[in-house]
Each structure stands twice: as C-alpha cells, then as structure tokens.
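Chemist: One predicted model, sequence on top.
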Amino acid sequence: MASTSFIIVAIDGGAASGKSTSSRTLSEQFNLLHVDTGSFYRAVTAEFLRRGISPGDLAAVQAAVAGLDLGTRIVGRSAQMEIGGRVVPEAEIRSREVNDHVSHFAALPEVRTALLAYQRHQAEVARAGGFRGLVMEGRDIGSVIFPNATFRFFLHADPQERARRRAREGGNDSIAERDRLDSSRKTAPLACPDGAISIDTTHLSLAEVVDTMAVPISARLAS
Ligand code: C5P
C-alpha cells in the first residue's frame with residue numbers, strides 16, 4: 001500500500017548548483033509544494049533596499065525585521081513570499097542590486113531568526129494546500145530549518161560549470177562572491193550537513209540529478 005505520510009525534501013547547495021530546476025521538477029513529479037528560500041532572502045533584501053536600509057545599519061535592520069508583515073501566496077506549486085500583502089516581482093528579486101546585497105543581509109542573525117519560523121511554517125502551508133509534502137531549497141534547510149527532513153540532499157558543482165550555467169540563464173550574478181560569503185558566515189553557513197546525500201552535478205544532466213533524488217523518494221512513497 002502506498003504511504004500517505006507527508007514528506008519533506010531538503011535541498012541545499014551553492015548558487016547555480018542545480019537546486020532550483022531540480023526542486024521544481026520534483027515538486028511536479030510528486031505533488032510537493034516548491035519553496036525556494038533564496039527567493040525569501042531576496043524579497044526581504046529588495047524590501048530593505050527599497051526602504052534605504054543598508055546591511056551595516058543593524059538598528060534599522062532590527063526595526064525593519066520586527067515590523068515585517070509576511071504572508072505566503074501559492075502560485076502553481078510554488079510558495080511566494082508576500083510582504084505587506086505584495087509579492088516582490090521576479091525582476092526585482094533577481095536584480096543586480098539584490099544579487100550584490102542579499103548575502104550581506106542573509107549573514108545577519110537578526111534576519112535569519114526572523115525567517116526561521118516563517119520557513120518552518122511552509123510545512124503547514126503545504127498541508128493546507130493539499131500537497132503531498134514540500135521540497136525546500138536553500139543553504140541551511142537540512143542543517144537548521146528541517147534537520148529531520150525525510151530526505152536531505154546537498155548539491156555541488158565545479159565553480160566554472162556553475163558560472164557557465166548562470167551565464168546561460170542570462171544572469172548577471174557574482175556567484176563566487178556570494179558562495180564565499182555564504183560559506184564563511186558564522187550563522188548557518190553553507191555546508192553539507194552530516195548525514196545528507198551529497199551529489200556532484202558537474203557532469204550530470206538535469207534528468208540524472210532529478211533521478212538521483214527521485215528514486216529514493218519514489219521508493220519511500222510506495223512503501
Ligand atoms: O538561492 P539563491 O542563490 O537565490 O539565494 C540568494 C542568497 O540568499 C544566497 O546567496 C544566500 O546568501 C541567501 N540564502 C541563505 N539561506 C538560504 C537561502 C538563501 O542564506 N536558505
């Protein structure tokens with residue numbers, strides 16, 4: 001008999017490691033809510049920049065996070081962050097300015113703490129939306145947000161290959177610098193958590209990456 005339990009799939013990895021495309025595909029394949037936590041950090045960064053707040057101004061950051069009115073809108077299978085009832089447009093969250101600032105805001109414990117409960121709450125959003133579970137991608141999902149996730153994957157790839165992928169997507173992004181900041185910060189640094197399944201995607205096609213994760217997920221759902 002197929003399992004009816006709710007599953008949580010955590011996918012962590014550096015910029016352009018293959019997380020977004022593969023987690024979107026898994027969400028379709030298994031009816032999981034797709035939660036891109038990078039887009040949450042980006043939305044909050046865009047909001048701070050709109051208000052003229054810099055990552056160095058801790059008092060302003062603290063006041064701003066305390067007053068953030070966060071909600072979630074489900075668009076297709078994807079969870080989008082609302083700030084004050086507004087979803088920050090995709091063009092804005094992928095802008096050069098946000099690329100350049102997001103890792104600086106994301107390194108602040110005040111910002112990470114403010115987003116912790118919001119990210120965990122996505123499991124309730126997925127349940128209420130009738131999903132089979134959720135697939136959440138980020139940097140600290142398997143280590144901090146859902147350390148007991150049903151599956152924890154860590155994707156990595158050669159830096160040159162990742163730069164090529166981002167350039168093919170047309171992105172104007174300093175991924176090496178973001179990775180450096182994300183890996184070296186004190187709070188929740190980017191690292192493969194103990195016990196997670198590590199996948200080197202450098203020489204794999206998207207289908208192969210997805211299959212590596214889909215096989216154990218299918219087996220679990222069929223058990
Ligand atoms: O995934 P993406 O590259 O869009 O994430 C943008 C930035 O958000 C990352 O470089 C990182 O600084 C931050 N982030 C994070 N923790 C997460 C997801 C993203 O610190 N779970």
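Modeler: Cool, got the structure. Just so you know, these numbers come straight off a predicted model, no measurement behind them.

Chemist: Tell me which other helices or strands the least confident helix or strand in the chain by mean pLDDT touches.
Modeler: In the chain, the helix or strand scored least confidently by mean pLDDT, DSSP states H and E is helix 159-168, which has a mean of 85. When contacts are defined as 3 or more Cβ pairs under 8 Å, 6 or more residues apart in numbering; DSSP states H and E, helix 159-168 sits against helix 175-184. The C-beta positions use only the backbone N, C-alpha and C, and glycine is treated the same way.

Chemist: Report the angle between the helix it packs on and helix 159-168.
Modeler: Per axes from the mean of the first three to the mean of the last three Cα atoms, to 10 degrees, the angle that helix 175-184 makes with helix 159-168 is 120 degrees.

Chemist: which other residues reach helix 175-184?
Modeler: Residues from elsewhere that reach helix 175-184, judged by Cβ atoms under 8 Å, 6 or more residues apart in numbering: 14-16, 99, 102-104, 106-107, 139, 159, 162-163, 166, 189-191.

Chemist: The same query, at a cut-off of 6 Å, please.
Modeler: Here helix 175-184 makes contact (Cβ atoms under 6 Å, 6 or more residues apart in numbering) with 14, 15, 16, 103, 139, 162, 166, 189, 190.

Chemist: Only the buried residues of it, if you could.
Modeler: Across helix 175-184, burial judged by 16 or more other Cβ atoms under 10 Å covers 175, 178, 179, 181, 182.

Chemist: neighbouring contacts of the following helix or strand past it?
Modeler: Using DSSP states H and E, the helix or strand that directly follows helix 175-184 along the chain is strand 197-200. Under the criterion Cβ under 6 Å, 6+ apart, residues 153, 154, 155, 156, 192, 212 lie in contact with strand 197-200.
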